[in-house]
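>>> Sequence plus the predicted model coming up.
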Amino acid sequence: MDSQHRPSPDSEQQTTSRKHRRGIGGIGWAVIGTVFFGSLLAIGILPRLSQKSELQAAVKEASTVPSVNVIAPRRATGATKVELPGSVVALNQTTIYARSTGYLRRWYADIGDRVRAGQLLAEIDSPDTDQQVLQAKAELVQAQANVSQTRANLAKSVSDLKQARANLLIARQSWQRWQVLVKQGAVPQQDADTKYATYQANLASVEAAQNTINSDSANIKAAQANAYASQANFQRNTVLQSYKKVTAPFAGVITARNVNTGVLISAGNGNTSTSNTNTSNSSLYTIAAYDNLKVNVSVPQSLSQSLQTGQTAQITVRELPERVFTGKVVRTSNAIDPTTRTLLTQLEVHNSDATLRPGMYANVKFAINRTNPPFVVPDSALVVNGGGTQVATVTKDHTVHYQKVAVGRDYGIEVEITSGLTGNESLIATPTVDETEGLRVQPVAETKQTSP
């Protein structure tokens with residue numbers, strides 16, 4: 001019975017071999033499983049670790065490189081309307097001064113009066129001028145009498161010359177006949193010599209008469225010149241006497257009257273001084289023509305090339321909100337004022353109803369087509385410091401660079417840049433003191449800006 005239940009040596013060996021094979025297979029599967037699951041773990045964890053590292057690097061870089069909002073400058077529209085302040089002035093305005101010294105006898109026009117050309121404005125009582133006219137007239141009469149006298153002397157000298165020439169002819173003929181008689185022995189030589197002496201005396205008389213004529217001719221020229229001078233002096237004083245009546249040089253409106261009846265007026269333009277407190281050498285009147293007016297406008301240099309002679313503009317004044325006047329550009333100064341950098345421009349406005357008045361403040365609106373319109377940027381992009389007006393740009397290598405620019409028109413939230421930009425720049429929308437020159441930044445594009 002023991003021999004039946006005892007396993008045989010072969011059976012034990014086989015059993016041990018099977019157990020050994022079962023043991024080796026379990027370890028292998030364990031190793032394989034470990035490797036498999038390790039591979040899966042590596043495939044899932046390593047990319048996440050890499051992404052985490054990149055994210056951490058990005059976060060670190062973002063924490064060290066600041067982000068800035070950038071915009072691009074844009075071109076302004078070619079057609080634009082420009083409204084500029086202007087000053088209304090009279091097309092023809094002058095100040096009237098006295099040309100005759102005396103007392104103001106009477107004035108006939110006051111401020112606000114419309115007068116015509118040549119209308120009498122005032123009269124001056126000038127006795128000194130009246131006496132000068134009388135004296136000049138007397139000198140002229142005397143000079144003319146002197147001319148008449150010298151002409152009479154010349155006529156007498158001419159007559160004397162004719163008589164002297166006749167006597168000379170008779171004396172010469174007598175001397176010649178006596179020479180023949182002397183040769184014939186009919187008369188003595190002494191008588192012939194007497195005739196010759198008479199001939200020489202008449203010849204001297206002719207020469208003296210000729211000299212007298214020459215002298216009288218010179219006297220006539222001198223007398224005529226003196227007469228011309230006396231006549232000119234008389235005319236001058238006559239003209240000065242006519243200035244006692246002050247008249248309007250052209251049709252217009254009296255805008256100022258500076259004198260009263262009885263005041264002593266000195267001739268001149270007001271530049272001379274006088275110690276007499278009762279003497280006035282200031283202007284008598286100021287007169288202005290209202291039918292046509294001028295409007296002076298200072299146009300900025302950036303728009304000066306776009307203005308053309310003959311171009312029209314709309315003119316308005318605050319006191320007449322419902323009226324729009326049309327002005328035409330008639331001339332410019334053709335020179336930029338170095339102080340204001342503006343071009344003085346004059347427009348002519350018809351004012352037949354005298355609605356506009358000189359001295360008014362006006363708004364002038366131009367419609368201008370610009371051939372090379374400037375760039376437009378937000379006013380927040382400008383930086384004004386010791387270096388002037390600048391904008392902060394972001395270069396291709398993402399660094400800050402400040403560019404100096406020139407500013408044109410100001411639209412309020414936007415401004416024109418007339419120089420300093422090419423249009424390809426990236427501008428920091430709102431630069432701060434932290435964005436220094438050369439700072440590395442991360443640009444972030446903003447939405448496109450709208451037109452002003």
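That came in fine, so what should we check first?
>>> contacts, neighbours, all on C-alpha from now
Will do.
>>> Which residue ranges of the stretch 351-452 of the chain form helices?
Taking DSSP state H, counting those that start in this stretch, the stretch 351-452 of the chain contains no helices at all.
>>> which stretches of it form strands?
361-369, 375-378, 382-385, 388-394, 400-404, 406-410, 414-419, 427-428, 442-445 (DSSP state E, counting those that start in this stretch).
>>> hey, which of those is tucked in deepest?
The highest mean neighbour count among the strands of the stretch 351-452 of the chain, using mean count of other Cα atoms under 10 Å, belongs to strand 427-428: a mean of 28.
>>> Same list, the strands of the stretch 351-452 of the chain, but as JSON lines with mean pLDDT and distance to Ala248 please.
Formatted as JSON lines, the strands of the stretch 351-452 of the chain follow (pLDDT from 0 to 100; distance: least, Cα to Cα, whole Å):
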{"stretch": "strand 361-369", "mean pLDDT": "90", "distance to Ala248": "28"}
{"stretch": "strand 375-378", "mean pLDDT": "90", "distance to Ala248": "54"}
{"stretch": "strand 382-385", "mean pLDDT": "90", "distance to Ala248": "56"}
{"stretch": "strand 388-394", "mean pLDDT": "91", "distance to Ala248": "55"}
{"stretch": "strand 400-404", "mean pLDDT": "91", "distance to Ala248": "58"}
{"stretch": "strand 406-410", "mean pLDDT": "84", "distance to Ala248": "46"}
{"stretch": "strand 414-419", "mean pLDDT": "88", "distance to Ala248": "50"}
{"stretch": "strand 427-428", "mean pLDDT": "90", "distance to Ala248": "64"}
{"stretch": "strand 442-445", "mean pLDDT": "87", "distance to Ala248": "71"}
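>>> would you list those strands in TSV and tack on distance to Leu344?
Conversion of the strands of the stretch 351-452 of the chain to TSV gives the following (distance: least, Cα to Cα, whole Å):
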stretch	distance to Leu344
strand 361-369	13
strand 375-378	25
strand 382-385	29
strand 388-394	26
strand 400-404	28
strand 406-410	18
strand 414-419	20
strand 427-428	35
strand 442-445	43
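>>> contacting residues around the helix or strand encompassing Ile254?
Assigned by DSSP states H and E, Ile254 belongs to strand 252-257. Defining contact as Cα atoms under 8 Å, 6 or more residues apart in numbering, one finds that strand 252-257 is touched by 109-117, 284-290.
>>> Nearest to Asn226, out of the strands of the stretch 351-452 of the chain?
strand 361-369 (58.1 Å; Cα to Cα).
>>> What is that closest one packed up against?
Where contact means 3 or more Cα pairs under 8 Å, 6 or more residues apart in numbering; DSSP states H and E, strand 361-369 is packed against strand 79-96, strand 312-317.
>>> Just the buried positions in the helix or strand following the shortest one, please.
Along the chain past strand 312-317, the next helix or strand (assigned with DSSP H and E) turns out to be strand 320-336. Residues Thr326, Gly327, Lys328, Val329, Thr332, Ile336 are the ones in strand 320-336 that count as buried (16 or more other Cα atoms under 10 Å).
>>> Stretch 75-82 now?
For stretch 75-82, burial by neighbour count (16+ other Cα under 10 Å) applies to Ala76, Thr77.
>>> Turn the buried residues of strand 320-336 into TSV, columns for distance to Val239.
Output for the buried residues of strand 320-336, formatted as TSV (distance: Cα to Cα, whole Å):
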residue	distance to Val239
Thr326	43
Gly327	41
Lys328	41
Val329	40
Thr332	39
Ile336	44
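>>> ok, so of those, who is nearest Ser67?
Closest approach between these and Ser67, by Cα to Cα: Ile336, at 44.0 Å.
>>> distance of the residue nearest to the closest one when sequence neighbours are not counted from Gln311?
Closest residue in space to Ile336, ignoring its immediate chain neighbours: Leu343 at 4.9 Å, by Cα to Cα, 6 or more residues apart in numbering. Using Cα to Cα, to the nearest Å, Leu343 is found at 15 Å from Gln311.
>>> how close does Asn226 get to Asn214?
For Asn226, the distance to Asn214 - Cα to Cα - is 18 Å.
>>> Check Val324 too.
79 Å.
>>> and the strand holding Ile254, which strands flank it?
strand 114-115 (antiparallel), strand 285-300 (antiparallel) (DSSP bridges).
>>> can you tell me which of those comes nearest to Thr238?
Distance to Thr238, taken as Cα to Cα, is lowest for strand 285-300 among these, at 23.1 Å.
>>> which stretches of the stretch 201-350 of the chain aren't confidently modelled?
With pLDDT under 70 as the threshold, the stretch 201-350 of the chain has low-confidence stretches at 269-281.
>>> and with 50 instead?
By pLDDT under 50, the low-scoring segments of the stretch 201-350 of the chain are 271-280.
>>> Where is the longest helix in the protein?
As assigned by DSSP state H, the longest helix anywhere in the chain is helix 127-184.
>>> Report all helices and strands that it contacts.
helix 189-242.
>>> Leaving out sequence neighbours, find the closest residue to Thr247.
Residue nearest to Thr247 in three dimensions, not counting chain neighbours: Leu120, with 4.4 Å by Cα to Cα, 6+ apart.
>>> any idea how far the one you found lies from Trp107?
From Leu120 over to Trp107 the distance is 9 Å, taken as Cα to Cα.
>>> and what of Asn385?
Per Cα to Cα, Asn385 is found 63 Å from Trp107.
>>> Could you do Gly252 as well?
17 Å.
>>> dump the residue contacts of Ala289.
So Ala289 contacts Ala90, Leu91, Asn92, Gln93, Phe250, Ala251, Gly252, Val253 (Cα under 8 Å, 6+ apart).
>>> Export those to a markdown table and append columns for neighbour count and distance to Ala138.
Below are the contacts of Ala289 laid out as a markdown table (neighbours: other Cα atoms under 10 Å; distance: Cα to Cα, whole Å):
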| residue | neighbour count | distance to Ala138 |
| --- | --- | --- |
| Ala90 | 22 | 46 |
| Leu91 | 17 | 45 |
| Asn92 | 16 | 41 |
| Gln93 | 18 | 40 |
| Phe250 | 17 | 35 |
| Ala251 | 18 | 38 |
| Gly252 | 22 | 40 |
| Val253 | 23 | 42 |
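>>> Between those, which sits nearest Glu319?
Of all those, Ala90 has the smallest distance to Glu319: 18.3 Å, by Cα to Cα.
>>> So what pairs up with the closest one in the strands?
In this entry, Ala90 is beta-bridged to Leu293, by DSSP bridges.
>>> Just the element for Tyr103, please.
Tyr103 is part of strand 102-107 when elements are defined by DSSP H and E.
>>> Glu123 bridge partners, please.
Note on Glu123: beta-bridge partners by DSSP bridges are Arg106, Lys245.
>>> I'd assumed Gly102 was in contact with it.
No: the pair Glu123 / Gly102 is not scored as a contact, 9.7 Å apart, by Cα atoms under 8 Å.
>>> Report the distance from stretch 362-371 to the chain centre.
17 Å (Cα atoms, centre = their mean, to the nearest Å).
>>> Tell me how far Asn153 lies from Val444.
In this view, Asn153 and Val444 are 113 Å apart by Cα to Cα.
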